[in-house]
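Peer 1: when you get a sec, could you give me coordinates for this:
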Amino acid sequence: MNTVAASSPGLATLRQQSRTWWQARTPRERQAVAVVGAVIALFLIWSLLVQPALRTVREAPAQLDRLDAQAQQMQRVATESTALRGAPRVGPTQAQQALRAATDRLGDRGKLLLQGDRATLTLTNATPEALRAWLNEARSGARARPLEAQLQRGPGGYSGTIAVALGSGA
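Peer 2: Numbers count the residues shown, from 1 in each chain. Okay, here's the model as predicted:
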């Protein structure tokens, strides 16, 4: 440490000034400065070391639960994808019938237009549940693949169009 002080005259001067200042203080002032220094040191230790660790320990269970839920959702999607991939193909007539049946469940909120191997659903104020049910039926019953969706959510539900491609059959 003396080599550092010897190589840096400014540091040695600063040390000497602080010693002089410290010795000029009364014992009560020294004690007050030591207490203030200890409080500052404790605050720094708390804010830099302890508090972040406690926050991590507190938030970890909720974050793990969220990640577990995401992993389970991904597993369900992967299982469904594997099941759909292994399912037999649906002919164009069966696919069209499945889409018509799903659209009939929408009532006057959905109109289906079939053009070859493409189907376009026009929605008017469909509820999220009805839209989800139609999409599930289109995917599982008709083996339709989504091509394009232009939906807008309003106070009455979803409005817009969804275009799907039908499979080529078995």
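
Peer 1: from here on, contacts and neighbour counts on C-alpha atoms
Peer 2: OK.

Peer 1: ok, residues contacting stretch 152-169?
Peer 2: With contact meaning C-alpha atoms under 8 Å, 6 or more residues apart in numbering, stretch 152-169 is reached by 89-92, 95, 117-128, 131, 142-151.

Peer 1: and it, what's buried?
Peer 2: Across stretch 152-169, burial judged by 16 or more other C-alpha atoms under 10 Å covers 157-167.

Peer 1: for residue 56, see how far away the closest residue to residue 133 other than its chain neighbours is.
Peer 2: With sequence-adjacent residues excluded and distances taken as C-alpha to C-alpha, 6 or more residues apart in numbering, residue 133 is closest to residue 102, at 7.8 Å. Distance, residue 102 to residue 56, using C-alpha to C-alpha, to the nearest Å: 48 Å.

Peer 1: those two - which one has more neighbours?
Peer 2: More neighbours surround residue 102 than the other of residue 102 and residue 56, with 23 against 11 (other C-alpha atoms under 10 Å).

Peer 1: the more buried one against residue 136, yeah?
Peer 2: No - applying C-alpha atoms under 8 Å, one finds residue 102 not in contact with residue 136, separated by 9.2 Å.

Peer 1: buried set for stretch 143-151?
Peer 2: Those would be 143-146, for stretch 143-151 by 16+ other C-alpha under 10 Å.

Peer 1: hey, C-alpha coordinates of it in PDB?
Peer 2: Extracted C-alpha coordinates of stretch 143-151, given in PDB (Å, rounded to 0.1, in the frame of the first residue of the first chain):
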ATOM      1  CA  ARG A 143     -58.700 -29.800 -41.900                       C
ATOM      2  CA  ALA A 144     -58.700 -26.200 -43.200                       C
ATOM      3  CA  ARG A 145     -55.500 -24.100 -43.100                       C
ATOM      4  CA  PRO A 146     -55.900 -20.400 -42.400                       C
ATOM      5  CA  LEU A 147     -54.700 -18.200 -45.300                       C
ATOM      6  CA  GLU A 148     -55.800 -14.700 -44.400                       C
ATOM      7  CA  ALA A 149     -57.700 -13.000 -41.600                       C
ATOM      8  CA  GLN A 150     -58.900  -9.400 -41.500                       C
ATOM      9  CA  LEU A 151     -60.800  -9.000 -38.200                       C
END
